[in-house]
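> coords please:
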Amino acid sequence: MAKPNKKGPTRTVDIFCAKCKAKLFKYRKGGKGSLIKCFVERISVDHTTNQTHCPQCEQEFSRKTLIRGAPALKIVGNKVTFK
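Modelled structure (predicted):
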C-alpha cells in the first residue's frame, strides 16, 4: 500500500448543516470531489459537541468509523454542504 501523505492538504473548507445552515467544521480537504468522509485529524476547528449531530437542529449528519486505520466521520448523503 502507498504511504499516507504526512503533510496533508492545505486548502480548508467550511462545512455547514444542510438543514439549518449551522457551521459544523473547518476541514482540510483534498481533491475536487464531493464530501464523503472527514478524517478526524484533518478537522482544524470543531463547532460541534459530539461530531455526529448538528448542535442546532440535532440532525445526524455523520457516523464514526475507521478508514485505513484512521478515525474518520462517514458523511450521510445530502446532510452537509461546504464552501
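> all strands of this structure, in order?
12-17, 23-28, 37-39, 43-46, 62-67, 70-75, 80-82 (DSSP state E).
> Of these, flag the one that's most buried.
strand 23-28 (a mean of 20; mean count of other CB atoms under 10 Å). For the C-beta atoms, the positions are set from N, CA and C on the backbone; glycine is no exception.
> Just checking: what are the partner strands of that one?
Applying DSSP bridges, strand 23-28 is found paired with strand 12-17 (antiparallel), strand 43-46 (antiparallel).
> distance between that strand and the chain's centre?
Taking the mean C-alpha point of strand 23-28 and that of its whole chain, the gap between them comes to 7 Å (CA atoms, centre = their mean, to the nearest Å).
> show me the contacts for residue 26.
By CB atoms under 8 Å, 6 or more residues apart in numbering, the residues touching residue 26 are 12, 13, 14, 15, 43, 44, 45.
> is the nearest residue to residue 52 once chain neighbours are set aside in a bridge, and if so with what?
Ranked by CB to CB, 6 or more residues apart in numbering and with sequence neighbours excluded, the top spatial neighbour of residue 52 is residue 62, at 5.2 Å. With DSSP bridges as the criterion, residue 62 is bridged to residue 75.
> Could you tell me which residues make contact with residue 15?
With contact taken as CB under 8 Å, 6+ apart, residue 15 is in contact with 23, 24, 25, 26, 27, 35, 38, 80, 81, 82.
> Quick one: residues contacting the closest residue to it other than its chain neighbours.
Taking CB to CB, 6+ apart as the measure, residue 15 lies nearest to residue 25, with 4.4 Å between them; neighbours along the chain are not counted. With contact taken as CB under 8 Å, 6+ apart, residue 25 is in contact with 14, 15, 38, 43, 44, 45, 46, 47, 48.
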